[in-house]
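>>> here's a sequence, model it:
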Amino acid sequence: MISNSKMFNQNSSKINAPMFIYSILYDKPSKRMGGRVSNHPHKLINGIDIDVEVPTGAMNKLFKIKEIQTTSSCQGTNLELPTFLIFRPNDQSIEYVKQLSGNLNKQSNIKCGYGIGNNGKYRMGITAKLFYSPETKLEFVKWWNSLASKIQNSLPK
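Numbers count the residues shown, from 1 in each chain. Coordinates of the predicted model:
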């Protein structure tokens, strides 16, 4: 059986969110990038800084998913720095993480991967070849608004 899930940077030192997401989206190591490579305006939702263009309603739905802890997101800047969501599954078993990642990769317009993040816990990244711009706004909002239901539908039973 071929697995749709993949662990990224398993044997390397901790990498930041943009490098982690790039590795997932392009299935290869990222060039060196700083952790805060964009300077988007932010809004505060549930005590977390969220880029202003990420829909508040979409984030509120994501925060209500009890099986995950949202840790990072970005509206994206370009195709090297795309939009993304990073979260930790509450169930940290490798079997659960692999199954969730595989299930998410079966969803349309999503690339998902996982790796070891802070404190040795699994983190999962979801991204697409998409970033916010006035020209991509409709697709961007639709992608974010569909994310919570795609995660809910992908949770292992």
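
>>> residue ranges of the helices in the chain, please?
In the chain, the helices defined using DSSP state H lie at 17-26, 56-63, 94-105, 137-154.

>>> turn those helices into TSV, columns for mean neighbour count, mean pLDDT and distance to G47.
Glycine gets a C-beta too; all of them are placed from N, C-alpha and C. Formatted as TSV, these follow (neighbours: other CB atoms under 10 Å; pLDDT from 0 to 100; distance: least, CB to CB, whole Å):
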stretch	mean neighbour count	mean pLDDT	distance to G47
helix 17-26	23	92	18
helix 56-63	16	97	10
helix 94-105	18	97	25
helix 137-154	17	98	19
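
>>> output those helices as JSON lines; include the columns distance to H42.
Below are these laid out as JSON lines (distance: least, CB to CB, whole Å):
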{"stretch": "helix 17-26", "distance to H42": "15"}
{"stretch": "helix 56-63", "distance to H42": "12"}
{"stretch": "helix 94-105", "distance to H42": "26"}
{"stretch": "helix 137-154", "distance to H42": "15"}
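
>>> looking at those, which is nearest to N118?
Nearest to N118 among those is helix 17-26; the distance by CB to CB comes to 11.1 Å.

>>> next, the angle from that closest one to helix 94-105.
70 degrees (axes from the mean of the first three to the mean of the last three CA atoms, to 10 degrees).

>>> helix 17-26: how far from the chain's middle?
9 Å (CA atoms, centre = their mean, to the nearest Å).

>>> elements contacting it?
strand 68-74, strand 84-89, strand 111-116, strand 122-127 (3 or more CB pairs under 8 Å, 6 or more residues apart in numbering; DSSP states H and E).

>>> may I see the ones you listed arranged in JSON lines, with distance to N103 as well?
JSON lines is the format used below for those (distance: least, CB to CB, whole Å):
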{"stretch": "strand 68-74", "distance to N103": "13"}
{"stretch": "strand 84-89", "distance to N103": "12"}
{"stretch": "strand 111-116", "distance to N103": "9"}
{"stretch": "strand 122-127", "distance to N103": "11"}
